[in-house]
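A predicted structure for the sequence below; I have some questions about it.
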Amino acid sequence: MAIDLNKVRNIGICAHIDAGKTTVTERILFYTGKIYKVGEVHEGTATMDSLQEEQERGITIQSAATTCPYTFRGDDYKINLIDTPGHVDFTIEVERSLRVLDGAVAVFDGKEGVEAQSETVWRQADRYGVPRMCLINKMDKLGADFDFSFKSLRARLGANAIAIQIPIGFGNDFKGIIDLMNMKAMYWTAEDQGVNVTIKDIPADLQDTAELWRGEMVEKIAEIDDSLTEKFLTDPSTITVEELKASLRRSVIALKCFPVLCGSALKYVGIQSVLDAVIEYLPNPTERPDVVGVDPNDPSVHMTRPHSADAPFSALVFKVVADVAGTLTYIRVYSGKLEKGMRVLNPVNGRKENVSRLYEMHAQNRTALDDTGPGQIVAVVGLKDSYTGDTLCDQDKPIILERMTFPEPVISMSIEPQTADDKKKLGEALTTIRR
């Protein structure tokens, strides 16, 4: 099953608590056709919050993975999407997700701007060199302020943020979005759940504001691209939209800047333009550096694997979950091919593992696969001795990939079984958690 890697995006949605990550994800699943009824976090019906505790509390506890198709300008793309928690208690879920992603959408509350956990998530993404774009969400919230939130990105994160959209109104008056690239106003309605977008001319009273923001956008993009700097200094009007977009994409992938969008996921405003921006500005697997590892026999020898199906197989285990069908091991494939029934090596402990089944995941649901290739995020059944952070690779061409960093625990406690019968069960439960 050969997949064009140029048409693949591995992204995560991450943010501070209650910035609207899971609501954004629900809308993405709806617009890509993965679900036909929109679930709501506050009603406990969000697709990605499948744990009972998540539905009761209206929060995300564990990262959930899904694969969704998206058509952009007539081409079919595949987006592997991971929704991560915002609470600091579950920060390891963000850490392990960012390690295997190629890009991320950082979501911010339109009223609060950058918050404490936003800074933590940003640092984690910096550590793994993950290109990002920003979504200032909840523009319909009372007290929402795009200018304040945008400035907080620069002040508190030190990010070279470049606004490519601005809102039309705030709070109860929030009506739509101005696209600064094409200088058009976009409107959505809740009646059709934001499926159709209406494009109009920019309202006259916002024309000057939009011109100012666009001028700054063009200047910021030209600043970091030598090929545009000369054009900008001579005559900025000669720079085309295509040139701006191509330049912005290169700069985002090089971590030189971060495009900023706005919207309201709850009110169905602006989510399709987020998906368009994911395709336009975030990298596909081949645009990321080759994955780096070491020789299991000599850790001082550094090795790389290209994102190619012809290279030896290599993958990283980033999550292990106990499931009714057996232990589900989530992996990101970096190179080579993995087929159902294959034997692979775990070079960390020297054990050989059987891949009895392969699945493409959609929250708690799954689709069986016969094989998979580079750039894919899948779940495997049949692994017995592979833990989070372990590498899986070709038996004849071993490599150990870089592990994710685990934060030090802030609380420790002891647990003891009430009865002797519970001792074995408790041991099994603790072993599962440790993986």
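Happy to help now that I have it.

just checking, Arg132 touches Gly103?
Yes. The pair Arg132 and Gly103 passes the contact test of Cβ atoms under 8 Å, sitting 6.9 Å apart. In short, each C-beta sits where N, CA and C put it, glycine included.

among these two, which residue is more densely surrounded?
Shown here are Arg132 and Gly103; by other Cβ atoms under 10 Å, Arg132 has more neighbours (25 against 22).

mind checking the SS state of the closest residue to that one other than its chain neighbours?
Among residues not flanking Arg132 along the chain, Ala104 sits closest, at 4.8 Å (Cβ to Cβ, 6 or more residues apart in numbering). Following DSSP: H, G, I helix; E, B strand; the rest coil, Ala104 is assigned to strand.

quick one: residues contacting Ala104.
For Ala104, the contact set (Cβ atoms under 8 Å, 6 or more residues apart in numbering) comprises Ile11, Gly12, Ile13, Cys14, Leu98, Ala125, Val130, Pro131, Arg132, Met133.

moving C-terminal from the helix or strand the second one falls within, which element do we reach first?
With secondary structure defined by DSSP states H and E, Gly12 is part of strand 8-15. Toward the C-terminal end, the helix or strand that comes next after strand 8-15 (DSSP H and E) is helix 21-31.

please state the mean pLDDT value computed over that next one.
Mean pLDDT, helix 21-31: 78.

parallel or antiparallel, which strands does the strand holding Gly12 pair with?
Sheet partners assigned to strand 8-15 using DSSP bridges are listed as strand 75-83 (parallel), strand 103-109 (parallel).

tell me which of the ones you listed sits most buried.
Mean neighbours per residue, mean count of other Cβ atoms under 10 Å, is largest over the strands paired with strand 8-15 for strand 103-109, with a mean of 25.

okay, the angle between that one and helix 21-31?
Going by axes from the mean of the first three to the mean of the last three Cα atoms, to 10 degrees, strand 103-109 is angled at 120 degrees with respect to helix 21-31.

buried stuff in the following helix or strand past strand 103-109?
Next helix or strand after strand 103-109 toward the C-terminus (DSSP H and E): helix 116-127. Buried residues in helix 116-127, counting neighbours by 16 or more other Cβ atoms under 10 Å, are found at Gln117, Ser118, Thr120, Val121, Trp122, Gln124, Ala125.

off-centre distance for helix 116-127?
Its chain's C-alpha centre and that of helix 116-127 lie 13 Å apart, by Cα atoms, centre = their mean, to the nearest Å.

and for stretch 374-389?
Put simply, stretch 374-389 sits 19 Å off its chain's centre (Cα atoms, centre = their mean).

list the buried ones in it?
By neighbour count with 16+ other Cβ under 10 Å, stretch 374-389 contains the buried residues 374-383, 386, 388-389.

report the beta-bridge partners for Lys319.
Tyr330.

residues near it, how many?
Burial measure for Lys319: 23 neighbouring residues, criterion other Cβ under 10 Å.

helices along the protein, start to end?
Taking DSSP state H to define them, one finds helices in the chain at 21-31, 52-57, 91-100, 116-127, 146-157, 207-223, 226-234, 241-253, 271-281, 420-434.

and of those helices, who's closest to Thr66?
Closest to Thr66 of those is helix 21-31 (Cβ to Cβ; 6.7 Å).

name the helices or strands packed onto that closest one?
Under the contact criterion of 3 or more Cβ pairs under 8 Å, 6 or more residues apart in numbering; DSSP states H and E, helix 21-31 touches strand 8-15, strand 64-72, strand 75-83, strand 103-109, strand 132-137, helix 271-281.

spit out the contact partners of Ser308.
If you count contacts by Cβ under 8 Å, 6+ apart, Ser308 has them with Ser335, Gly336, Pro374.

can you redo those residues as a markdown table with pLDDT and distance to Trp188?
Formatted as a markdown table, these follow (pLDDT from 0 to 100; distance: Cβ to Cβ, whole Å):
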| residue | pLDDT | distance to Trp188 |
| --- | --- | --- |
| Ser335 | 92 | 41 |
| Gly336 | 93 | 43 |
| Pro374 | 91 | 36 |
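
what's the closest of these to Val269?
The closest of the contacts of Ser308 to Val269 turns out to be Pro374 (Cβ to Cβ; 35.7 Å).

now that closest one: closest residue in space that isn't a chain neighbour?
In space, and not counting its chain neighbours, Pro374 is closest to His307: 4.8 Å by Cβ to Cβ, 6+ apart.

what's the neighbour count on the one you found?
Using other Cβ under 10 Å, His307 has 22 neighbouring residues.

contacting residues for it?
Residues near His307 by Cβ under 8 Å, 6+ apart: Leu5, Pro285, Thr286, Arg288, Asp290, Val291, Tyr334, Ser335, Pro374, Gly375.

identify the bridge partners of the nearest residue to the fifth one once chain neighbours are set aside.
Meaning Asp290. Nearest residue to Asp290, sequence neighbours excluded (Cβ to Cβ, 6+ apart): Thr304, at 4.1 Å. Listed by DSSP bridges, the beta-bridge partners for Thr304 are Val292.

what separates Thr304 from Leu5, distance-wise?
Using Cβ to Cβ, to the nearest Å, we find Thr304 at a distance of 17 Å from Leu5.

just for the stretch 251-400 of the chain, where's the confidence low?
Residues of the stretch 251-400 of the chain that meet the criterion pLDDT under 70 lie in 323-325, 363-364.

which stretches in it count as strands?
258-262, 291-295, 298-305, 314-323, 326-335, 338-339, 343-346, 351-354, 357-362, 365-369, 371-372, 377-381, 391-393, 400-401 (DSSP state E, counting those that start in this stretch).
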